[in-house]
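A.B. asks: 3D, please:
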Amino acid sequence: MARYKTIDTSAKFLPIDLSRQLLPGTFEHALNHLLEHELELSGLDARFRNDATGAPAYPPAMLLKVILFAYSRGIVSSRGIEEACRTHVTFIALSGDCAPHFTTVAAFVRGLKDEIANIFTQVLFICDAQGLIGREMFAIDGVKLPGNASKAKSGTRAEFEREAAGIEAAVRQMLARHRVHDARGCEAEPGARERERIERLSRDARQIRRWLAENPEERRGAKGAVRKSNRTDNDSAKMATGKGVIQGYCAVAAVDSAHQVIVEAQAHGTGSEHELLVPVLEAMRDLIGEDSLVSADAGYHSEANLEALAAMQVSALVADNGMRARDPRFADQAKHRAKPDPLWDKTPRPDKPRLFLPADFHYDAPGKVCICPAGQFLYQSGSRVVIGGREAVKFTGARRVCGPCPLRARCLRHPERTAVRQVVFFTGARHRPESHTERMKRRLDSEEGRRQYARRIAIVEPVFANLRHNKRLDRFTVRGRHKVDTQWKLYCLVHNIEKLARYGNMQ
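C.D. replies: Numbering: from 1, shown residues only. The predicted model follows:
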């Protein structure tokens, strides 16, 4: 029988050179080299006041190294980072065999505000110096992630007022019931569970009242509309996603096409992505060259955004909601929607039959004749009508014909209160200047526009896949927009340093 050497995996004291654990070409080696030799971190030293008195502090560079390396391995918890610094040899090498307490790690992340933006910019300068930013095309997109907030504690001030009043009324009713029982001698005092429930409800009502006193104003959007507040994190927002409604933030990234380096990263507590396009472009204005192209999906489309792009003289391709409907390459997409899906059946279920469109009417322009789908003639009720700045010809049906028509339900949206059908045919004459949206549609529908816009998804979506799947970023663990923005920039820093480790010169 063959004999083998004994493999002993028990704990041992081994002589290890920590500096040799960071192998060239790896992420941890690039991270260590950047923070030790390339980046200016004097801004992080300003938080300490222990020059003459106080205990020595952990070096900010060391804390930042272990946090970024932990994020690259999917470790977000400060307790998990502390444990890794005690047990994982790479963490031990990066920290110099220091094991900072989890409260120190958490406080360091919370305290990073303007400093992280400066570090992010410095890493971008290094990426640019090493030729990793091509400036040919920038793709902008966002991902909606849950925050450290309760969705159940979201609402308007009026809703919170009703909730507090309802809780207080329930407490009063419970106490009154106990007083009645006490007067009858049925029950001397409420039981332990009942007392606990009364105390919990009273505490919830006090918390709501305190929040209302501390936040006297409604939360409003960019256009002044009232938005729902949240009592645990008022900077977060309710957002609809493909997997339901979440309480969280929209994390936006602008990605360069050359090596998928993230050139700008911001997190905002709003689900309206079109509000975020201009702030991102203003932040990355110095990187956009004369020949650069910016692309974004339909969530960022609005006439105001396109007007701002024209004022900034930025060449862009911003899709609209009808772009695919106009693209002949997606003419057969309806058959894919009809496929069965065990999780979600995407087959449209129209409540009413399709109404007749102007294309279903026969219009003879030279003869000025219009015939409806039922074969009846409509009379002309306007020859030089102007609708939306365009000249049109208008036809109207007769009451004696439309009243008893068997196709009335398919011709009128509200047949019970609409007497006759009217149809308009545009002649093409325009009396107003072309809008930015129309110019963008014409550019998107061109062969070159479709080719360029098709690159967008291959530029930005792999970045989100790397952060969400490989780095396991499934939610933000801090509260407040500034702290969430800091955590999002930390993750984007991890992504960019990986690009430097793979394509740059970090030896």
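A.B. asks: what about Phe69, is that helix, strand or coil?
C.D. replies: Assigned with DSSP: H, G, I helix; E, B strand; the rest coil, Phe69 falls in the helix class.
A.B. asks: Could you report the separation of it from Gly221?
C.D. replies: Going from Phe69 to Gly221 by C-beta to C-beta, to the nearest Å gives 38 Å. Using the backbone N, CA and C atoms, a C-beta is placed for each residue, glycine as well.
A.B. asks: With Val263 instead?
C.D. replies: 27 Å.
A.B. asks: what's the answer for Lys65, then?
C.D. replies: 39 Å.
A.B. asks: neighbour-wise, which of the two wins?
C.D. replies: Neighbours were counted for Lys65 and for Gly221 using other C-beta atoms under 10 Å; Lys65 has more, 22 against 13.
A.B. asks: helices and strands of this structure: which one bottoms out on pLDDT?
C.D. replies: Taking mean pLDDT, DSSP states H and E as the measure, the chain has helix 334-337 as its least confident helix or strand, at a mean of 64.
A.B. asks: longest single helix anywhere in the protein?
C.D. replies: In the chain, assigned by DSSP state H, the helix with the most residues is helix 157-184.
A.B. asks: Touching stretch 155-164 from outside, list them.
C.D. replies: Residues outside stretch 155-164 that contact it (C-beta atoms under 8 Å, 6 or more residues apart in numbering): Ala205, Ile208, Arg209, Trp211, Leu212, Asn215, Glu218, Val226, Lys228, Ser229, Arg231.
A.B. asks: out of the residues you listed, which are inside strands?
C.D. replies: Val226, Ser229 (DSSP state E).
A.B. asks: Can you lay out the contacts of stretch 155-164 as TSV showing neighbour count and pLDDT?
C.D. replies: What follows is those, written out as TSV (neighbours: other C-beta atoms under 10 Å; pLDDT from 0 to 100):
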residue	neighbour count	pLDDT
Ala205	19	92
Ile208	20	91
Arg209	16	92
Trp211	18	91
Leu212	15	91
Asn215	14	88
Glu218	13	87
Val226	12	84
Lys228	17	89
Ser229	23	91
Arg231	19	92
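A.B. asks: any chance of the contacts of stretch 155-164 in JSON lines, plus distance to Val255?
C.D. replies: Converted to JSON lines, the contacts of stretch 155-164 look like this (distance: C-beta to C-beta, whole Å):
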{"residue": "Ala205", "distance to Val255": "47"}
{"residue": "Ile208", "distance to Val255": "42"}
{"residue": "Arg209", "distance to Val255": "46"}
{"residue": "Trp211", "distance to Val255": "38"}
{"residue": "Leu212", "distance to Val255": "42"}
{"residue": "Asn215", "distance to Val255": "36"}
{"residue": "Glu218", "distance to Val255": "35"}
{"residue": "Val226", "distance to Val255": "34"}
{"residue": "Lys228", "distance to Val255": "31"}
{"residue": "Ser229", "distance to Val255": "32"}
{"residue": "Arg231", "distance to Val255": "35"}
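A.B. asks: and stretch 18-30, C-alpha only, in PDB?
C.D. replies: Taking Å, rounded to 0.1, in the frame of the first residue of the first chain, the C-alpha atoms of stretch 18-30 are listed here in PDB:
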ATOM      1  CA  LEU A  18       4.800  40.300   4.600                       C
ATOM      2  CA  SER A  19       6.100  42.500   1.800                       C
ATOM      3  CA  ARG A  20       6.500  39.400  -0.400                       C
ATOM      4  CA  GLN A  21       2.800  38.500  -0.100                       C
ATOM      5  CA  LEU A  22       1.900  41.400  -2.400                       C
ATOM      6  CA  LEU A  23       2.800  39.900  -5.800                       C
ATOM      7  CA  PRO A  24       3.400  42.200  -8.700                       C
ATOM      8  CA  GLY A  25       0.500  42.300 -11.200                       C
ATOM      9  CA  THR A  26      -2.200  41.700  -8.500                       C
ATOM     10  CA  PHE A  27      -4.800  44.200  -7.300                       C
ATOM     11  CA  GLU A  28      -3.300  44.300  -3.800                       C
ATOM     12  CA  HIS A  29       0.200  45.100  -5.100                       C
ATOM     13  CA  ALA A  30      -1.200  48.000  -7.300                       C
END
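A.B. asks: Check what contacts that stretch and list those residues.
C.D. replies: 32, 69, 72, 89-90, 92-94, 96-97, 497-498, 500-501, 504, 506-507.
A.B. asks: Any stretches of the stretch 401-507 of the chain with poor pLDDT?
C.D. replies: 428-432, 506-507 (pLDDT under 70).
A.B. asks: Looking at the contacts of stretch 155-164, which one is closest to Arg450?
C.D. replies: Lys228 (38.6 Å; C-beta to C-beta).
A.B. asks: Could I get the full set of helices for the stretch 351-500 of the chain?
C.D. replies: 399-402, 408-411, 436-444, 447-453, 456-465, 481-503 (DSSP state H, counting those that start in this stretch).
A.B. asks: Would you map out the domains in the protein?
C.D. replies: Structural domains annotated on the chain: 18-46+56-111, 137-147+237-327+445-488, 157-217, 358-434, as defined by automatic domain parsing.
A.B. asks: With distance to Lys12 added, can I get these in JSON lines?
C.D. replies: Formatted as JSON lines, the domains of the chain follow (distance: least, C-beta to C-beta, whole Å):
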{"stretch": "domain 18-46+56-111", "distance to Lys12": "12"}
{"stretch": "domain 137-147+237-327+445-488", "distance to Lys12": "31"}
{"stretch": "domain 157-217", "distance to Lys12": "52"}
{"stretch": "domain 358-434", "distance to Lys12": "76"}
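A.B. asks: So Ser295 lies in a strand, does it not?
C.D. replies: Yes: the assignment for Ser295 is a strand, going by three-state DSSP.
A.B. asks: Would you map the strands across the stretch 251-400 of the chain?
C.D. replies: 262-268, 293-296, 316-318, 362-364, 369-371, 377-387, 390-396 (DSSP state E, counting those that start in this stretch).
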